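> After the sequence you'll find the predicted model.
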Amino acid sequence: MPFGRRKDLPSHLWTQCPDCGETLFNKQLVRNMNVCPKCEHHFKIGARERIELLTDKGSFEERDADLLSGDPLSFVDSKPYPQRIEAARVRSGAADAVLTGTAAIGGTTVELAVMDFDFIGGSMGSVVGEKITRAAERALASRAPLVIVTASGGARMQEGTLALMQMAKTVAAVARLGDSGIPFISVLTDPTTGGVLASFGSLGDIVLAEPKAYIGFSGARVTDQTIGERLPAGFQRAEFVRDHGFIDQVVPRAQLKERIAFFLAALRPTAGETRWSL
């Protein structure tokens, strides 16, 4: 069998791009920030890898790492919820679906929250809502900007109404930043959907997105069936969403840190001022 067929390629050495079909050497892919060099497809990346790409070297200090999900509903689907949580921790290496902490981006101190899709689809349960709320509260107390990078399928069904309550909780937290003139930059990555998009994800003073990121409240098929119309090409992709005024810019991964740093510098208070230039 000739070399080059997909099933002949060791998965730990090679990855096939889902967009263009190019076979990519994994080490080369990592060097390129997990972006296909041929078609610029942006692969999903973990929260810690994202933090390394966005923050000044050695500046990130994790906060609230001790917050862990309970099982308030004694929920069981194909397995008990605690088993699902434990499996997600082993797979992702994270305690829950968001990492939060204090960091510097381009020399500006920020409060940072980065979601991890590999942890139960980046779903928002009580821990995610609490950690993001605490990050916003720290930003308010220190008058530092808040930066949130989303990657989520929405609210976590295993926590039911408690998960849905996090939408109101996080919205109230970021609204207090707006009232106090403190910037909130939201970065939407693939995918950002459901309750995360419908709450804090869409409320940034500046909303950025990675190229071709899937952005929408519900899936395209559900939306199509609900409104009874055929959706346009590219519907719910970052470029379409930007062109229709929902986000500000689509920024390639390699430029994200520089772009965020630019906005932070542009908004920074002048000497003697405490209010950011929103």
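Arrived safely.
> Quick one: distance of the helix or strand where residue 149 lies to the chain centre.
Secondary structure assigned from DSSP states H and E places residue 149 in strand 146-152. The chain centre lies 4 Å from the centre of strand 146-152; the measure is CA atoms, centre = their mean, to the nearest Å.
> which helices and strands does it pack with?
The contact analysis (3 or more CB pairs under 8 Å, 6 or more residues apart in numbering; DSSP states H and E) places strand 146-152 against helix 47-54, strand 108-115, helix 126-142, strand 184-193, helix 194-197. Glycine gets a C-beta too; all of them are placed from N, C-alpha and C.
> at 6 Å instead, please
strand 108-115, strand 184-193 (3 or more CB pairs under 6 Å, 6 or more residues apart in numbering; DSSP states H and E).
> Need the residues that contact the last one.
Judged by CB atoms under 6 Å, 6 or more residues apart in numbering, the contacts made with strand 184-193 from elsewhere in the structure are 146-151, 153-154, 174, 177, 201, 204-210, 213-216, 260.
> so for it, what's the average pLDDT?
The average pLDDT within strand 184-193 is 98.
> what is the orientation angle of that strand with helix 126-142?
170 degrees (axes from the mean of the first three to the mean of the last three CA atoms, to 10 degrees).
> Which positions in strand 184-193 come out as buried?
Using 16 or more other CB atoms under 10 Å as the test for burial, strand 184-193 gives 184, 185, 186, 187, 188, 189, 190, 191, 192, 193.
> Name the nearest of these relative to residue 256.
Nearest to residue 256, judged by CB to CB, of the buried residues of strand 184-193 is residue 187 at 6.7 Å.
> so what's residue 180 closest to, chain neighbours aside?
residue 140 (6.1 Å; CB to CB, 6 or more residues apart in numbering).
> What's the separation between the one you found and residue 175?
Relative to residue 175, residue 140 is positioned 11 Å away (CB to CB, to the nearest Å).
> State the phi and psi torsions of the spatially closest residue to residue 216 that is not a sequence neighbour.
Closest residue to residue 216 in three dimensions, ignoring its sequence neighbours and counting by CB to CB, 6+ apart: residue 236, at 3.7 Å. For residue 236, the backbone dihedrals are phi 70, psi 20 (criterion: degrees, to the nearest 10).
> is it true that residue 236 touches residue 218?
No: when contacts are counted by CB atoms under 6 Å, residue 236 is not listed as touching residue 218 (9.1 Å).
> more crowded one of these two?
Counting neighbours by other CB atoms under 10 Å for residue 236 and for residue 218 shows that residue 236 has the greater number, 20 against 16.
> Run through the residues that contact that one.
Residues in contact with residue 236 (CB under 6 Å, 6+ apart) are 214, 215, 216, 220.
> what are the phi and psi angles of the third one?
Here the main-chain torsion angles of residue 216 (degrees, to the nearest 10) amount to phi 180, psi 160.
> Run through the helices of the protein in chain order.
Per DSSP state H, the chain carries helices over the ranges 26-31, 47-54, 81-92, 126-142, 160-179, 194-197, 220-227, 238-243, 253-267.
> distance of the residue nearest the centre of the chain from residue 29?
In the chain, the residue lying closest to the centroid (CA atoms, centre = their mean) is residue 150, at 1.7 Å. For residue 150, the distance to residue 29 (CB to CB) stands at 23 Å.
> So which residues lie in contact with the helix or strand of the chain with the lowest mean pLDDT, not counting its own?
Ranked by mean pLDDT, DSSP states H and E, the helix or strand of the chain with the weakest confidence is helix 220-227, at a mean of 73. Applying CB under 6 Å, 6+ apart, the external contacts of helix 220-227 come out as 231, 236.
> what's around residue 166, how many residues?
25.
> list the contacts for it?
Counting by CB under 6 Å, 6+ apart, residue 166 touches 124, 129.
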